[in-house]
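1. turn this into a structure:
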Amino acid sequence: MNRFFFAAGVLGACAAVLLAVAPAHASSQTGKASWYKMGKVTANGERFKPNGLTAAHRTLPFGTKVLVKNLRNGKTVTVRINDRGPFVKSRIIDVSMGAAKRIGLTASGVTKVSLQVLN
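-> Model prediction:
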């Protein structure tokens, strides 16, 4: 009987550790964002529109809507993930030029943002 409770305790502890290290993108992230305006086709196959409200993220599914908040000025924009990136490891998202204009990111090029998955 004691072995059963010990095994159950170990399994419970392992589950708690797995939950603690779950990906940060499950609902929100904080990190650096940049913007881009070049490209012809996005990773999901659609034509890239520089003035659109889209973004590139490494792992979020295509079509996911994300609220991006510029933590320097508080401005927000909702973008749709349609591309993969960013390819600079220190960044968590690349937004289109149109989205960058909405949150005041075009002048600095890179800024700290928070991401909130909406769907």
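2. okay, CA-based contacts and neighbour counts for the rest of this
-> OK.
3. now residue 46. Nearest residue, chain neighbours left out?
-> Computed as CA to CA, 6 or more residues apart in numbering, the closest residue to residue 46 that is not its neighbour in sequence is residue 82, at 7.8 Å.
4. so which helix or strand takes in the one you found?
-> strand 76-83 (DSSP states H and E).
5. still on that earlier bit, quick one: contacts for the residue nearest to residue 46?
-> Going by CA atoms under 8 Å, 6 or more residues apart in numbering, residue 82 touches 42-44, 46, 54-56, 62-63.
6. may I see those organised as TSV, with pLDDT added?
-> TSV is the format used below for the contacts of residue 82 (pLDDT from 0 to 100):
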residue	pLDDT
42	96
43	97
44	97
46	96
54	98
55	98
56	98
62	98
63	97
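7. re the thing from before, tell me the helix or strand right after the strand holding residue 82.
-> Downstream of strand 76-83 (by DSSP H and E), the next one is strand 91-96.
8. run the chain-centre distance for the helix or strand just after that next one.
-> Using DSSP H and E, the helix or strand that follows strand 91-96 towards the C-terminus is helix 97-103. Relative to the chain's own centre, helix 97-103 is displaced by 16 Å; criterion: CA atoms, centre = their mean, to the nearest Å.
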